[in-house]
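Q: Could you look at this predicted model? Sequence included:
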Amino acid sequence: MKIYYVRHGQSMNNTINDLSDQEYEKLRQQDPQLSEQGIKQVRLLTDYLKQKKIDFEEIRCSPQQRAIQTAQLINECYKVPVKIQQNLHEKGGNQLLNQGFPGLTRKEFQIKYPEVIIDEIITDAGWYFKDKRETDEECKLRAEKVIQDLQNEPQKSILIIGHGNFMDMVMGTVCGRAQNSKYFYYHQNCGITLLKNDGYGFEIDYYNDYSFLEMHYFKTGEDLILKRLANYKGKI
């Protein structure tokens with residue numbers, strides 16, 4: 001089985017990563033959409049997937065709108081089922097200033113994204129069920145559950161659209177990262193990681209491929225995250 005794990009295109013929050021932590025938190029949106037630059041990135045990603053003859057049976061994405069938009073743009077070309085999967089959301093959950101919010105309800109998803117398949121766990125009460133930010137330990141357990149479920153997956157090839165910090169947790173699980181490790185598995189917007197499972201567990205075929213992105217498409221904001229890796233501050 002093959003899992004193509006892709007980070008969403010640049011979001012509106014990603015465009016302000018060069019601000020101080022305090023300024024960032026003031027301007028950060030709870031559930032941002034893709035920026036214009038992010039849309040361009042996804043177009044380049046889609047062309048690259050086709051050029052490399054990468055196929056998949058379905059697309060799964062987090063319930064956060066930047067991931068759904070990324071999935072929709074890719075699927076304009078692929079025309080496969082798109083499923084919103086609740087437990088793929090970003091580390092921390094749907095939160096603003098550490099307060100949790102329910103996010104879009106099932107009915108709102110049906111109206112706004114009528115072509116997608118909605119996870120059964122998502123109800124008319126929303127998709128995020130905590131009143132505060134998800135803890136690191138809760139996120140780690142969620143990542144472990146995602147990997148366990150994928151090991152029993154009947155599909156042969158899936159494209160997952162996720163988020164940078166949760167993808168770090170997934171990679172940490174696959175690689176057996178120590179609990180107190182300072183290492184962070186960074187993913188560029190639209191970066192692709194391929195995980196393969198031959199029945200004995202996942203192995204990494206390649207990691208964070210974003211060779212298809214033109215440099216000027218990620219000069220603003222995201223390159224500053226690259227500079228911060230040595231002193232990662234966990235902005236999401």
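A: Received, thanks. Keep in mind it's a predicted model, so treat the numbers as computed, not measured.

Q: rest of the way, CA atoms for contacts and neighbours
A: Fine.

Q: if you go through this protein in chain order, where are the strands?
A: With DSSP state E, the ranges of strands along the chain come out as 2-7, 58-61, 82-84, 95-96, 99-100, 117-118, 157-162, 192-197, 202-209.

Q: Spatially central residue in this structure, please.
A: Centroid-nearest residue in the chain: residue 162, 1.6 Å away (criterion: Cα atoms, centre = their mean).

Q: The strands of the chain: which one's closest to residue 40?
A: Residue 40 lies closest, by Cα to Cα, to one member of the strands of the chain: strand 2-7, at 14.1 Å.

Q: Roughly how far does residue 12 sit from residue 141?
A: Applying Cα to Cα, to the nearest Å, the value for residue 12 to residue 141 is 28 Å.

Q: didn't residue 128 look like it was pressed against residue 106?
A: No - Residue 128 is not in contact with residue 106 according to Cα atoms under 8 Å; the separation is 11.6 Å.

Q: Neighbour count for those two, which is higher?
A: Shown here are residue 128 and residue 106; by other Cα atoms under 10 Å, residue 128 has more neighbours (25 against 19).

Q: what sits against that one?
A: Contacts for residue 128 (Cα atoms under 8 Å, 6 or more residues apart in numbering) come out as 93, 94, 100, 101, 102, 103.

Q: Look at the fourth one and report its pLDDT.
A: The predicted structure scores residue 101 at 97 on the pLDDT scale.

Q: how many other residues sit next to it?
A: Residues near residue 101, counting by other Cα under 10 Å, number 20.

Q: so which of the strands of the chain gets nearest residue 23?
A: Smallest distance to residue 23 across those (Cα to Cα): 13.3 Å, for strand 95-96.

Q: How about residues contacting the closest one?
A: Contact with strand 95-96 is made by 25, 28, 29, 30, 101, 132, 133, as judged by Cα under 8 Å, 6+ apart.

Q: pretty sure residue 196 is touching residue 205, no?
A: Yes - counting by Cα under 8 Å, residue 205 is a contact partner of residue 196 at 6.6 Å.

Q: Of the two, give the one with the bigger neighbour count.
A: Shown here are residue 196 and residue 205; by other Cα under 10 Å, residue 196 has more neighbours (20 against 13).

Q: related to what we said a few turns ago, okay, residue 12 and residue 141: which has more neighbours?
A: Neighbour count, other Cα under 10 Å: between residue 12 and residue 141, residue 12 has more, with 20 against 13.

Q: possible to save the strands of the chain as CSV with distance to residue 71?
A: Shown next, in CSV, are the strands of the chain (distance: least, Cα to Cα, whole Å):
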stretch, distance to residue 71
strand 2-7, 10
strand 58-61, 7
strand 82-84, 7
strand 95-96, 22
strand 99-100, 25
strand 117-118, 12
strand 157-162, 7
strand 192-197, 13
strand 202-209, 18
